[in-house]
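>>> Need coordinates for the below:
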Amino acid sequence: MSEFFQEFKRVMFENNRFDFILDGLKNTFLITLGSLILGIALGVIVAIIRSTYDKNKLHLQKNGGISYYLFSFFNAICQLYLTVIRGTPVVVQLMIFYFIIFASTDNGVLVATFAFGINSGAYVAEIFRSGIMAVDNGQFEAGRSLGLNYIQTMIYIVVPQMFKVVLPTLCNEFIVLLKETSVAGYVGVIDLTKAGNTIAGRTFSYFIPLISVAVIYLVVVIILTKLVGMLERRLRNSDH
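Residues are numbered from 1 along each chain as shown. Predicted coordinates:
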């Protein structure tokens, strides 16, 4: 056992190699948080457009006019976005963003944040859309009876209720996103996985660095899972 700890100390701490792990963990959290914020913003917009179109399609068709064609156009754009993003691997999307779309920049963290945010937005949009569709239509009617227009009803009445419904699922999406960022090393970003691989390449010892990275991911995910469980119990208790 003492030999293992000596080897662990040599591999992870000599020449300040553990700094790679700290920098990688920091970048992993930065990418994950930034991506989640972007994904939520995109998800809300796409979900509102799609749910509005689904709920009011017949009414819009009956009235005709430019509003029907505008909603049809934006709904088609949203469907195309969802199809493309959910139908292609996130690694390929990341490489397209880094090597093609943002080829002029060397800020890998920013590009990775943008790429993962675009990817996450497609999944968050469907989570939000299901949450909006789950809100009873009587809530829409109540908002309109109070003199609110459709957008105001969505912002002040429907969306807050939707967030309460989908919050546990959204937290689980955050956990999934955290693990997905492990492929950011494909574009040279020193995330947690890339840090472990870098240490392994410099010491020619793969067991200790990669197992250490796996344990860090596991601990972080366990903590987040516990927090999500506490949140779900709190929401259930508030319903009672």
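>>> what pLDDT, on average, does the helix or strand L94 falls within get?
Element membership of L94 [criterion: DSSP states H and E] is helix 90-96. Averaging pLDDT along helix 90-96 gives 95.
>>> can you give me the helices for the protein?
With helices called from DSSP state H, the chain shows them at 2-13, 18-63, 65-87, 90-96, 108-134, 137-145, 150-153, 159-180, 192-203, 207-239.
>>> Output the below-cut-off pLDDT ranges for the protein.
Counting by pLDDT under 70, the chain has low-confidence residues at 1, 60, 64, 238-240.
>>> change it to 50
Counting by pLDDT under 50, not a single residue of the chain qualifies.
>>> Next up, the contacts around Q93.
Counting by CB atoms under 8 Å, 6 or more residues apart in numbering, Q93 makes contact with I85, A115, I118, N119. In short, each C-beta sits where N, CA and C put it, glycine included.
>>> one more time with 10 Å
Going by CB atoms under 10 Å, 6 or more residues apart in numbering, Q93 touches V84, I85, I101, A115, F116, I118, N119.
>>> Max pairwise distance over those: which two?
The two members of those with the most space between them (CB to CB) are V84 and F116, at 15.4 Å.
>>> okay, the two: which has more neighbours?
For V84 versus F116, neighbours defined as other CB atoms under 10 Å are more numerous around F116 (26 against 12).
>>> isn't G201 right up against P209?
Yes: contact criterion CB atoms under 10 Å: G201 and P209 qualify, at 9.0 Å.
>>> Those two: which is more packed in?
Counted by other CB under 10 Å, G201 and P209 do not tie: P209 has more neighbours, with 24 against 11.
>>> contacting residues around that one?
Counting by CB under 10 Å, 6+ apart, P209 makes contact with 8, 11-12, 17, 20-21, 195-203.
>>> Any quick PyMOL command for the buried ones out of those residues?
To isolate the buried members of the contacts of P209 in PyMOL, using 16 or more other CB atoms under 10 Å:
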select buried, resi 8+11+12+17+20+21+195+196+197+198+199+200+203
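>>> for the contacts of P209, which one is nearest K179?
When the contacts of P209 are ranked by distance to K179 (CB to CB), G196 comes first, at 14.1 Å.
>>> Contact partners for the closest one?
Applying CB under 10 Å, 6+ apart to G196 gives the contacts 12, 20-21, 24, 182, 185, 206, 208-214, 216-217.
>>> E180 too?
Contacts for E180 (CB under 10 Å, 6+ apart) come out as I31, T32, S35, V90, V91, L94, F116, N119, S120, E173.
>>> Check L148 too.
With CB under 10 Å, 6+ apart, L148 has these contacts: F140, A142, M154, I155, Y156, I157.
>>> ok, of those, which come out buried?
The buried subset of the contacts of L148 - by 16+ other CB under 10 Å - is F140, M154, I157.
>>> Go ahead and confirm the last one touches S145.
What that stands for is I157. No: using CB under 10 Å, I157 makes no contact with S145, being 11.1 Å away.
>>> Which residues are in contact with each of these two?
Contact criterion CB under 10 Å, 6+ apart; residues shared by I157 and S145: none found.
>>> Distance check, the nearest residue to F163 once chain neighbours are set aside against I85.
What sits nearest to F163 in space, not counting adjacent residues and going by CB to CB, 6 or more residues apart in numbering, is G131, at 7.4 Å. In this view, G131 and I85 are 19 Å apart by CB to CB, to the nearest Å.
>>> What of Q161?
Applying CB to CB, the value for Q161 to I85 is 27 Å.
>>> Pretty sure M154 sits against I132.
Yes: between M154 and I132 there is a contact under CB under 10 Å: 8.0 Å.
>>> anything in contact with each of these two?
Contacts common to M154 and I132, judged by CB under 10 Å, 6+ apart, are V44, I48, S51, T52, M162.
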